[in-house]
Each structure stands twice: as C-alpha cells, then as structure tokens.
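Participant: next come a sequence and a model predicted from it.
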Amino acid sequence: MTSAQDFSHRLLQWFDNHGRKNLPWQQPATPYRVWLSEIMLQQTQVVTVIPYFQKFTERFPDINTLANAEVDEVLQYWAGLGYYARGRNLHKAAQIIQSKYQGELPANFDALVDLPGVGRSTAGAILALAFKKHYPILDGNVKRVLARHTAEPRWPGEKQAEIDMWQLAEELLPKQRINDYIQAQMDLGATLCTRSKPRCQACPLQSDCQAFQLGTPTEYPIKKPKKAVPHREIRWLVYAAKGQLLLEKRPSQGIWGGLWSFPEMPIDNEISHLLSKNDIIRFQNLPDIQHAFTHYKLTISPIYIELDNPVFGVADNDKQCWVKMDDIAALGLPAPTKTLVQQLARGF
DNA sequence: AAAACGGGGGA
DNA sequence: TCCCCAGTTTT
C-alpha cells in the first residue's frame, strides 16, 4: 500500500467512526445544496451556517428559484451571516447558471471557477462532494492538516508553498470514496486538527505526522512573516535651565496626541545655528532612544542644551513651557519622554 | 489587537 | 500573474 493510499485509508476509517454525515447539506447532497453550503461555510463555522442553510433552502429550494428572486430578498436571508458579497455573488451565479447551464450546476471545473464566488477550493469541494469527481480542496482546514503532517517550513501564503500543497493534496486523493474523503479532511481540520489545542491523541494521522513528532503541532502552519516595519528618525531638543526642562504640548492629532514632550525636529535639520547662542552653557548629544510602534520603529536622537536662564522663544513654538523637574511627573508624557526625563533627573 | 480566511480585483 | 484588500471571527 502506498503512503498516499494509507493516508486516505486512515482518514476514511476515522470518518466512518467520527465524521459528520448528517449535516443538512449532506441529505441530500445535491449540487445546489453543496454549492450553497460551501459558499456559506467560507469563513463561517458549521454551527452558525446550519439554521441559515435551512431557512435559505426553504425559500430558495433550487437554482431557478434563487435566480428569479430579487437580490435584496436573497440578502435578507443572508442577513446575519456576514460577508454579504457572498450573497450577491451567489445570486449572480444562480442567474448565470440559469441562463447558461439550464439551471443545473456544471460538473466541470473551469465552468465552476468562472462563477462569481467560486474559487479553486470551492470548485473542488463541489466536484468531489456533489459529483464524486477526483478534485482536491485546500481550504484553511486542509492547509493546516497538511502543513502539520509535513511540518511545512514555509508560510502557506508563499506562492511556491501553496503550489506544492495543492500538488500534495492532489496526490493524496483516494481512488474510492472521494466525497467521504473530502468531507473527512474538512471534519478532521474542524474538529481534531484545530488551530489551537489539536487532539493529536485521537488523530488517525498521528503516526506519521511530522509536526506531532516534533512535538510542536501548533507551530504549523507557520505564521505569516511580518513585513519589516518602516524606520523613522527624529531629533529632540532637551532644553534645561535652573532645574527646569522646556516641554511642549504635542498636537492632538498624530502620535502621542496632546501629551507633553520635548520640542521635535527632523533629524536632518541643520542644528549649527543652535550652537551660536552665547547663553548656552552646555551642548551635547544624548544617547539615542529606540521606540517600537506597531507600524513603525522610531529612533530619537536627543540633544541636551543647557541655558543659564529659562528663556522663552528658544524653539519656534508657542505651546511650550518650562517645567520644574519635580513637577513633570504630574504631566502626561509618552513613555520614551518619561524615561528620558528620569535619566536626566539621575544625571545619567 | 492581531492573525486568519477564500475569493475578487487591481497592478 | 501576483499581491493585497474587504469584512468578519477567533485567539
């Protein structure tokens, strides 16, 4: 027995004991009902879909009834399911099926994929579940099962990884019971091989599951690599005089809105003119501060400028004030500002 | 708050 | 052809 046959054999055996065989769209599994259920099941769980499916099929028992209805009524029956583009596409597809295929879903991959709302995986599910044709599916559940079984090192969103997973899904297809096998794949992913807390003890694929052998099934599929966040640099002017610091209130819009911080300027701004002031006692670079936001990384280069007197108008801004070190704690400060003030208080 | 999700649609 | 988005749920 080849490994592929063994894989499907174990899955089918598990399906016989634990699979879902009494879902509303499985009795009977007509092409229309399978199609409708697959659309409803996109991004929506079985328990949520069931009552909608029942109401929907009562009102729209076949494709022609659906095609002849107003889209608004279709959407009323969709209300609460979310992703309403699915409902619109479903209705549009029904009209295409009516006019182009005499109201019967085509048992043909290319024709199915051409329908709005039907992609490769949904077409595969319809062909396998309703027409018993040998097509694979690769939805989120199956991706998870396969990624774990092979300990797939690449993120499945990566082009080549996805191509390879489709190929594997195809190679694993059994010669017999294609519909049960596809249902079994979905059931395994939904009930056993779940995203968190997979029940590997009960899994028929445990013996050769690479992720299980590594002891880290939940590490798969590996997460989308987060793209490098943009990096920005700014300069802070830390004016100090007689135990006071010059702070300014930040604009209410934007980062740290309305909080007090140091006067800020672009990193590449000329600063030599600041040096020429004759009331400057000391002028020195302070260590850079790194700050991470969710969407970018910020490097702050503060310059310490000590004056003999707390004069105004040193920076070009009217929302500034001199604050005694001891009074600063009462103000709302961004985290890096607070840290810098504390370092200054300790004299670094 | 962040990732996941299947297909649509734009580059 | 490839990549990213819209809209929603789950972790």
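Facilitator: Done, it's in.
Participant: what's the spacing between residue A:176 and residue A:132?
Facilitator: Separation of residue A:176 from residue A:132 (CB to CB, to the nearest Å): 10 Å. Using the backbone N, CA and C atoms, a C-beta is placed for each residue, glycine as well.
Participant: which of those two has more neighbours?
Facilitator: residue A:132 (15 against 11; other CB atoms under 10 Å).
Participant: surely residue A:324 meets residue A:244?
Facilitator: Yes - with contact defined as CB atoms under 8 Å, residue A:324 reaches residue A:244; the gap is 5.3 Å.
Participant: show me which of those two is the more surrounded one.
Facilitator: A direct count of neighbours by other CB under 10 Å for residue A:324 and residue A:244 places residue A:244 higher, at 19 against 11.
Participant: tell me the spacing between the more buried one and DNA strand B.
Facilitator: Residue A:244 is 33 Å from DNA strand B, where distance means CB to the nearest atom of the strand, to the nearest Å.
Participant: what's the burial count for residue A:85?
Facilitator: By other CB under 10 Å, neighbour count at residue A:85 equals 10.
Participant: show me what contacts it?
Facilitator: Counting by CB atoms under 8 Å, 6 or more residues apart in numbering, residue A:85 makes contact with residue A:117.
Participant: ok but it is inside a helix, no?
Facilitator: Yes - counting by DSSP: H, G, I helix; E, B strand; the rest coil, residue A:85 is found in a helix.
Participant: with adjacent residues omitted, what lies nearest to residue A:82?
Facilitator: residue A:44 (7.1 Å; CB to CB, 6 or more residues apart in numbering).
Participant: now that neighbour: how far from residue A:299?
Facilitator: 44 Å.
Participant: now do residue A:270, the pLDDT please.
Facilitator: Note for residue A:270: predicted pLDDT of 89.
Participant: which strand or helix spans it?
Facilitator: Per DSSP states H and E: residue A:270 is located in neither a helix nor a strand.
Participant: count of neighbours near it?
Facilitator: Neighbour tally, residue A:270, other CB under 10 Å: 7.
Participant: close to DNA strand C: what parts of chain A are there?
Facilitator: Within chain A, the residues that sit near DNA strand C (CB under 7 Å from any atom of the strand) are A:43, A:44, A:45, A:48, A:82, A:83, A:84, A:85, A:159, A:194, A:195, A:196.
Participant: filter those residues by proximity to DNA strand B?
Facilitator: Applying CB under 7 Å from any atom of the strand to those, those adjacent to DNA strand B are A:43, A:83, A:85, A:195.
Participant: adding pLDDT, write the residues you listed out as JSON lines.
Facilitator: Formatted as JSON lines, those follow (pLDDT from 0 to 100):
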{"residue": "A:43", "pLDDT": "94"}
{"residue": "A:83", "pLDDT": "96"}
{"residue": "A:85", "pLDDT": "96"}
{"residue": "A:195", "pLDDT": "95"}
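Participant: now for these: which two are most distant?
Facilitator: A:85 and A:195 (24.6 Å; CB to CB).
Participant: now do the helices in the stretch 1-150 of chain A.
Facilitator: Remark: helices assigned in the stretch 1-150 of chain A by DSSP state H, counting those that start in this stretch are A:3-18, A:31-41, A:46-59, A:63-68, A:71-78, A:84-101, A:109-114, A:120-131, A:140-149.
Participant: now tabulate those helices in JSON lines and tack on distance to residue A:328.
Facilitator: As requested, these are exported to JSON lines (distance: least, CB to CB, whole Å):
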{"stretch": "helix A:3-18", "distance to residue A:328": "64"}
{"stretch": "helix A:31-41", "distance to residue A:328": "57"}
{"stretch": "helix A:46-59", "distance to residue A:328": "53"}
{"stretch": "helix A:63-68", "distance to residue A:328": "67"}
{"stretch": "helix A:71-78", "distance to residue A:328": "56"}
{"stretch": "helix A:84-101", "distance to residue A:328": "52"}
{"stretch": "helix A:109-114", "distance to residue A:328": "64"}
{"stretch": "helix A:120-131", "distance to residue A:328": "58"}
{"stretch": "helix A:140-149", "distance to residue A:328": "51"}
